[in-house]
Each structure stands twice: as structure tokens, then as C-alpha cells.
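1. heads up, no residue letters with this:
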């Protein structure tokens with residue numbers, strides 16, 4: 001796949017992340033009612049990914065009422081289900097081609113949900129699906145394979161780890177053929193993390209009245225993901241980074 005001009009993204013990524021401190025957050029709006037988060041679970045995911053995303057959402061300070069949606073769930077993915085939700089989360093899964101084949105009939109519903117003020121959280125495949133070729137076209141740009149980008153530190157599609165600079169801090173995260181995000185030069189977006197070659201690894205942007213947060217690696221990965229893949233568990237898991245991404249997505 002095309003590398004998409006990583007060089008011209010470096011300066012923009014540095015501008016939007018400069019001076020941002022991961023531990024300093026503005027106050028969050030509060031509500032007496034827990035916001036509903038829908039997590040897709042179905043043929044466009046793999047076992048463990050939806051559950052890990054649900055755990056991440058539940059561990060956040062938003063107090064989400066998490067519900068699974070999908071063809072075999074009590075609640076199907078539909079315009080009606082989305083209408084009652086604050087956030088829709090698309091977890092990791094298999095290939096982009098297969099994932100989009102299962103979800104393309106929901107493209108307009110998801111786009112309308114976000115455009116009307118909803119939030120979209122996409123991790124790995126969920127990040128790919130936020131792109132346009134193919135995907136839901138929620139980003140000011142598109143996505144591509146990080147392993148095919150110039151200067152990538154990972155050259156395999158197998159389970160591994162990847163290092164990122166998250167708000168200027170070096171962290172190690174679980175990785176399995178995740179995307180990087182090719183943003184237009186004029187994109188109004190906040191880059192939270194870059195891979196070591198400068199490609200965008202996590203970004204938050206607006207789509208209509210809503211917001212989209214996507215990440216290539218897996219900040220939601222638990223220690224058993226690493227152990228099952230024969231990988232060393234990092235000194236610190238990425239849940240705090242996932243919550244940071246989630247906070248940026250949920251803020252007005």
C-alpha cells in the first residue's frame with residue numbers, strides 16, 4: 001500500500017502535540033445519568049477485542065452503560081440503537097476487506113450518528129474503518145498500513161509490540177497490523193500519538209457535530225494478550241492512554 005507522504009505529517013504532528021501534558025485535563029461535564037456506549041461484537045471482530053474495549057470503557061471516569069450490538073446480540077446495530085447512545089465503539093478484528101463487507105450496510109447510520117453529535121471510537125480495525133477506502137469516511141483523510149509505511153519499526157502482520165510517542169512520552173503497546181492515519185494538510189485534528197517514524201498513531205477530529213477518536217495499536221490490551229502471543233508484558237499497560245483518547249473524544 002502507499003505510504004501516503006509521512007514526511008509532510010511530521011511538522012503538523014509536532015505542532016498539535018507540542019506542550020500537551022497527558023496528566024493535565026480540563027474538567028469534564030457531569031450528568032446524573034450514565035452515558036450509553038455501544039460496542040460492536042460480531043463477525044467483523046475477533047474474540048476478546050469487544051470485551052477488552054468494553055472493559056476500557058467501564059474503567060474510564062465516564063461511568064458508561066456499556067451494551068454490545070451486533071447480528072447475534074440482543075441489541076442489533078441500528079439507527080434506533082445508535083439514537084440512544086453517546087458513543088459507538090468499533091473494536092479490532094480481522095482484515096479491512098472482510099470487516100467492511102460485514103459493516104458497509106451500516107455506513108450511513110454510523111455517519112449520521114456521528115455527524116449529529118455522537119462519538120466514534122475506533123481501535124485497530126475500527127481505526128481502518130473510520131477511513132474511506134473502504135470505510136465510513138469519518139476522517140479528514142484516510143488510513144493505511146503502518147507496516148508498509150516508510151521507516152516503520154514493525155515489518156510483520158503478526159502479533160507484536162510497537163513503540164509510540166504519546167503526548168511526548170514513549171510507550172509500548174500491543175500491535176497487530178494496525179493503521180496509521182493520513183490526514184490532509186489542512187485537517188483540524190488533534191494528534192495524540194505518533195509512531196517512531198512520525199506517522200500518526202492516534203488522533204481525534206470532528207465530524208459534523210460529533211467527534212472521532214482512532215488509534216492504530218491496542219491500548220486496551222490486557223496482559224494475557226501479550227502472554228498468549230509469547231510477548232513480554234510491558235511495565236505499564238496502555239489503559240491510561242485509552243482513557244486519555246476516550247476523554248478527548250467525549251469532551252465537547
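-> Here it is on my side, so go on. All figures in this text were calculated on a predicted structure; none of them were measured in a lab.

2. neighbours around the closest residue to residue 157 other than its chain neighbours, how many?
-> Once flanking residues are discounted, residue 157 sits nearest to residue 177: 4.1 Å by CB to CB, 6 or more residues apart in numbering. Backbone N, C-alpha and C define where each C-beta goes, glycine included. Burial of residue 177 is recorded as 22 neighbouring residues (other CB atoms under 10 Å).

3. got it, and residue 67?
-> As a measure of burial, residue 67 has 17 neighbours, counting by other CB under 10 Å.

4. which residues does it contact?
-> Shown in contact with residue 67 (CB atoms under 8 Å, 6 or more residues apart in numbering): 36, 37, 38, 39, 75, 85.

5. Show the buried residues in those.
-> 36, 37, 38, 39, 85 (16 or more other CB atoms under 10 Å).

6. Report whether residue 114 is found in a helix, as I expect.
-> Yes: according to DSSP: H, G, I helix; E, B strand; the rest coil, residue 114 belongs to a helix.

7. For the closest residue in space to it that isn't next to it in sequence, give me its contacts.
-> Spatial nearest neighbour of residue 114, excluding adjacent residues (CB to CB, 6+ apart): residue 210 at 3.8 Å. The contact partners of residue 210, by CB under 8 Å, 6+ apart, come to 113, 114, 115, 116, 117, 118, 119, 120.

8. now swap in residue 226 and tell me
-> Contacts of residue 226 by CB under 8 Å, 6+ apart are 161, 174, 232, 233, 234.

9. Would you list the buried entries among these?
-> Looks like these have 161, 174, 233, 234 buried, using 16+ other CB under 10 Å.

10. three-state assignment of the second one?
-> For residue 174, the secondary-structure state derived from three-state DSSP is strand.

11. Okay, the spatially closest residue to it that is not a sequence neighbour and residue 101: tell me how far apart.
-> In this structure, residue 174 finds its nearest non-sequential neighbour in residue 221, 3.6 Å apart by CB to CB, 6+ apart. Going from residue 221 to residue 101 by CB to CB, to the nearest Å gives 26 Å.

12. Which of these two has more residues huddled nearby?
-> Neighbour totals were compared for residue 221 and residue 101, and residue 221 leads with 30 against 13 (other CB under 10 Å).

13. okay, the more buried one: pLDDT?
-> Residue 221 is assigned a pLDDT of 98 by the prediction.

14. you'd agree it is up against residue 52?
-> Yes: between residue 221 and residue 52 there is a contact at 6.5 Å, judged by CB atoms under 8 Å.

15. And the helices in this structure, which stretches?
-> 7-17, 49-59, 79-83, 96-103, 107-115, 125-129, 223-228, 239-250 (DSSP state H).

16. Mean neighbour count, the ones you listed: which tops it?
-> helix 125-129 (a mean of 29; mean count of other CB atoms under 10 Å).

17. who touches that one?
-> 40, 44-45, 89-94, 96, 99-100, 103, 122, 135-136, 143, 178-179, 181, 214-216.

18. Apply 7 Å and report the result again.
-> Here helix 125-129 makes contact (CB atoms under 7 Å, 6 or more residues apart in numbering) with 90-93, 96, 99-100, 103, 122, 135-136, 143, 178-179, 214-216.

19. Tell me the one of the buried ones among the contacts of residue 67 nearest residue 157?
-> Residue 157 has its nearest neighbour among the buried ones among the contacts of residue 67 in residue 39, at 24.5 Å by CB to CB.

20. picking that back up, minimum distance to residue 202: which of the helices of the chain has it?
-> Comparing the helices of the chain by CB to CB, helix 239-250 comes nearest, at 5.9 Å.

21. Tell me the gap between that closest one and the middle of its chain.
-> A distance of 10 Å separates the centroid of the chain from that of helix 239-250, by CA atoms, centre = their mean, to the nearest Å.
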